[in-house]
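S.K.: please work out how this folds:
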Amino acid sequence: MRESKGVSNIRLCKYVSHLKLASMHMKAQFKEAKRKDAEEFIAWLNSQDYATNTVLDIMSALKRLFQNRNDNKIALKHWHNLHNASS
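M.R.: Below is the predicted model:
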């Protein structure tokens, strides 16, 4: 199986699935999203009935997306705190 940046194809499929969910519920498109958009999405995500690990997986996928954008506006350094604060 071919890997991209150390990520397996299966994990990439999981990221795509999670990012699709995020794209449906974020107020801005990913390329235009600001920190506030990400925080509002995470607040929405925490209000849903997802398992903790699912929430963390979705947040991880979103974090990787924004890290790859090299966008300091979205650089949420303490993503896990956003989940813990809303739980």
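S.K.: buried ones in whichever helix or strand Cys13 is part of?
M.R.: According to DSSP states H and E, Cys13 maps onto helix 9-25. Under the neighbour-count criterion of 16 or more other C-beta atoms under 10 Å, helix 9-25 has 11, 14-15, 18-19, 21-22 buried. Yep, even glycine has a C-beta here, placed from its N, CA and C like the rest.
S.K.: for those residues, give me CSV that also has distance to Asn46 and pLDDT.
M.R.: Listed next are the buried residues of helix 9-25 as CSV, based on distance: C-beta to C-beta, whole Å; pLDDT from 0 to 100:
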residue, distance to Asn46, pLDDT
Arg11, 23, 86
Lys14, 20, 92
Tyr15, 20, 89
His18, 15, 95
Leu19, 17, 94
Leu21, 14, 94
Ala22, 13, 94
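S.K.: columns distance to Leu45 on top of the residues you listed, output as JSON lines?
M.R.: Listed next are those as JSON lines, based on distance: C-beta to C-beta, whole Å:
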{"residue": "Arg11", "distance to Leu45": "19"}
{"residue": "Lys14", "distance to Leu45": "16"}
{"residue": "Tyr15", "distance to Leu45": "15"}
{"residue": "His18", "distance to Leu45": "10"}
{"residue": "Leu19", "distance to Leu45": "12"}
{"residue": "Leu21", "distance to Leu45": "8"}
{"residue": "Ala22", "distance to Leu45": "8"}
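S.K.: next structured bit after the helix holding Cys13?
M.R.: Downstream of helix 9-25, the first helix or strand assigned by DSSP H and E is helix 35-47.
S.K.: Lys36: which of the buried residues of helix 9-25 is nearest?
M.R.: Ala22 (14.6 Å; C-beta to C-beta).
S.K.: secondary structure element holding the residue most central in space within the chain?
M.R.: When C-alpha atoms, centre = their mean is applied to the chain, the residue found nearest the centroid is Leu62 (2.1 Å). Per DSSP H and E, Leu62 falls inside helix 52-69.
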